[in-house]
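Novice: Quick one, fold the following:
(4 chains)
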2 protein chains.
Amino acid sequence: MKEKLFRRSSRKRDVILEELRKVITHPTAAILYNLVRKRIPNISLGTIYRNLDQMAKKGIIQKLDVAGKEARFDGNINKHYHILCTVCGRIDDVHEISYDNKKIEMAKIINGYQVSGYHLNYYGICSDCKQ
Amino acid sequence: MKEKLFRRSSRKRDVILEELRKVITHPTAAILYNLVRKRIPNISLGTIYRNLDQMAKKGIIQKLDVAGKEARFDGNINKHYHILCTVCGRIDDVHEISYDNKKIEMAKIINGYQVSGYHLNYYGICSDCKQ
DNA sequence: GTCAATGCAAACGATTTGCACGAAT
DNA sequence: ATTCGTGCAAATCGTTTGCATTGAC
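Specialist: Next up is the predicted model:
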């Protein structure tokens, strides 16, 4: 957990990561800011953003692939999926689905959600960028 | 195509939709603005946003579920998926994949992309909002 | 005539950045 | 001593909104 991922250690970064790992709610930067402020009152929102970015780039946290105004972050980098409430915007984890055709297409209830649909995005390097 | 979807007809809305349907590049509002301006030079960016929103709500276009600063739109509402280049940000359609377990997990090349991963998001109404 | 659609500019909200200072190596 | 990490505020960027006008019905 304390390998040579970053050039210098920082208590603030450590606390941001700890607080993110504590919750299962996929918080925004602002929400995390409020959580972290309870422990480090003088931390600034800019520091939250800078550290979340850094950690997401290193792959120790996840920046969620969700459209919308505010970015959301996940401290759990184990492979799992998400379900989003189209009414209140809440995001929950989806663990129990096995990804065969029938279940993806036919799942109607997941985690108590009435499922209306899903989106699947692939990531990769396009042929132009592969050069 | 010209049913009673909207209370009043609007040539600007029609042209926005036409231009969006012409391209396969999942443009941002600003890109579409430039395309539409070639035909309607005095159109404003606000009108582009208002109409894209409206049409997405009616379901005649798609607002893509992609994280990032700018929203992207798709004139093709047939069920299909997307592949995003992690280097240049380009987005292409994915049509040929059949969604059984093996293919999702094992696809290594799609549309010339070197695939690195995928994200699956479900949508629905959470139990609290269902009341 | 009514009220939706529009242009324009200002407002907004999330995120980023420049700068000077403090801290880890 | 170097230069990363930080607080702070200003800047930026995408998007939304208020208002007066135009246009569809």
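Novice: touching DNA strand C at all, the longest helix belonging to chain A?
Specialist: In chain A, taking DSSP state H as the definition, the longest helix is helix A:45-58. Yes: for helix A:45-58 and DNA strand C, the contact criterion (C-beta under 7 Å from any atom of the strand) is met by A:45-46, A:49-50, A:53. The C-beta positions use only the backbone N, C-alpha and C, and glycine is treated the same way.
Novice: Can you narrow those residues down to the ones near DNA strand D?
Specialist: Restricting the residues of helix A:45-58 next to DNA strand C to those near DNA strand D - C-beta under 7 Å from any atom of the strand - leaves A:45-46, A:50.
Novice: With just CA atoms, put the longest helix of chain A into PDB.
Specialist: Extracted in PDB, the C-alpha atoms of helix A:45-58 (Å, rounded to 0.1, in the frame of the first residue of the first chain):
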ATOM      1  CA  LEU A  45     -10.900  21.200  -2.700                       C
ATOM      2  CA  GLY A  46      -8.200  21.700  -5.200                       C
ATOM      3  CA  THR A  47      -6.100  19.200  -3.300                       C
ATOM      4  CA  ILE A  48      -8.900  16.700  -3.400                       C
ATOM      5  CA  TYR A  49      -9.200  17.000  -7.200                       C
ATOM      6  CA  ARG A  50      -5.400  16.800  -7.700                       C
ATOM      7  CA  ASN A  51      -5.100  13.700  -5.600                       C
ATOM      8  CA  LEU A  52      -8.100  11.900  -7.000                       C
ATOM      9  CA  ASP A  53      -6.800  12.500 -10.500                       C
ATOM     10  CA  GLN A  54      -3.400  11.300  -9.600                       C
ATOM     11  CA  MET A  55      -4.700   8.200  -7.900                       C
ATOM     12  CA  ALA A  56      -7.000   7.400 -10.700                       C
ATOM     13  CA  LYS A  57      -4.100   7.600 -13.200                       C
ATOM     14  CA  LYS A  58      -2.100   5.200 -11.100                       C
END
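Novice: ok, the helix or strand following it: who's next to it in the sheet?
Specialist: Using DSSP states H and E, the helix or strand that follows helix A:45-58 in sequence is strand A:62-63. As defined by DSSP bridges, the strand partners of strand A:62-63 come to strand A:73-74 (antiparallel).
Novice: so who does A:N51 touch?
Specialist: For A:N51, the contacting residues are A:10, A:12-13, A:16, by C-beta atoms under 8 Å, 6 or more residues apart in numbering or on different chains.
Novice: what's the pLDDT at it?
Specialist: Note for A:N51: predicted pLDDT of 98.
Novice: Kindly provide the distance from it to DNA strand D.
Specialist: Taking C-beta to the nearest atom of the strand, to the nearest Å as the measure, A:N51 falls 5 Å from DNA strand D.
Novice: Also A:Q114?
Specialist: Distance from A:Q114 to DNA strand D, by C-beta to the nearest atom of the strand: 25 Å.
Novice: What of A:Y33?
Specialist: A:Y33 is 10 Å from DNA strand D, by C-beta to the nearest atom of the strand.
Novice: Tell me if that residue really is in a strand.
Specialist: No: remark: A:Y33 does not belong to a strand; assigned using DSSP: H, G, I helix; E, B strand; the rest coil, it is helix.
Novice: count of neighbours near it?
Specialist: Using other C-beta atoms under 10 Å in any protein chain shown, the number of residues around A:Y33 comes to 19.
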